[in-house]
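Trainee: Sequence first, predicted coordinates after that:
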Amino acid sequence: MKEVLADLPGLRPCEEPDSAAVRSLLGSRGVRVIGYEDWKKINAAEIKRGRAVGKPREKFVTVQEMLEAAGL
């Protein structure tokens with residue numbers, strides 16, 4: 001983390017910020033990407049699970065559980 005912050009002053013902002021290139025690269029590598037709406041479903045499900053056991057949230061421990069919570 002320190003290295004990233006040390007580089008920050010020398011970094012130029014993207015001329016045209018766009019996540020399409022990153023999504024394309026990840027897709028070509030077989031990495032599954034979920035969006036913010038899916039994350040919100042996972043978050044809500046973790047909070048609901050937590051309430052059932054008297055905690056602020058109960059985190060999922062597998063990717064499969066998260067994907068199921070998101071309806072994917």
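Mentor: Received, thanks.
Trainee: Name the residues that touch the helix or strand hosting Arg51?
Mentor: For Arg51, the host element (DSSP states H and E) is helix 36-52. For helix 36-52, contacts defined as CB atoms under 8 Å, 6 or more residues apart in numbering pick out 34, 56-60, 66, 69-72. Every residue, glycine included, has its C-beta placed from N, CA and C.
Trainee: Most widely separated two among those residues?
Mentor: Among the contacts of helix 36-52, the pair separated by the greatest distance (CB to CB) is Pro56 and Leu72, at 24.4 Å.
Trainee: Neighbour count for those two, which is higher?
Mentor: A direct count of neighbours by other CB atoms under 10 Å for Pro56 and Leu72 places Leu72 higher, at 12 against 8.
Trainee: ok, for the more buried one, nearest residue in space, not its chain neighbours?
Mentor: Using CB to CB, 6 or more residues apart in numbering and skipping the chain neighbours, the partner closest in space to Leu72 is Asp38 (6.5 Å).
Trainee: Mind jotting down where the helices sit in the chain?
Mentor: 2-7, 20-28, 36-52, 63-69 (DSSP state H).
Trainee: can I get these in a markdown table with mean neighbour count, distance to Cys14 and mean pLDDT?
Mentor: Formatted as a markdown table, the helices of the chain follow (neighbours: other CB atoms under 10 Å; distance: least, CB to CB, whole Å; pLDDT from 0 to 100):
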| stretch | mean neighbour count | distance to Cys14 | mean pLDDT |
| --- | --- | --- | --- |
| helix 2-7 | 8 | 15 | 84 |
| helix 20-28 | 10 | 10 | 90 |
| helix 36-52 | 13 | 19 | 96 |
| helix 63-69 | 14 | 29 | 94 |
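Trainee: Return the distance of the most far-flung residue of the chain relative to its centre relative to Ser28.
Mentor: Going by CA atoms, centre = their mean, the residue of the chain most distant from its centre is Gly10, 26.8 Å out. Separation of Gly10 from Ser28 (CB to CB, to the nearest Å): 29 Å.
Trainee: do Val63 as well
Mentor: Taking CB to CB, one finds Val63 at 20 Å from Ser28.
Trainee: What of Arg51?
Mentor: Relative to Ser28, Arg51 is positioned 40 Å away (CB to CB).
Trainee: No more questions from me, cheers.
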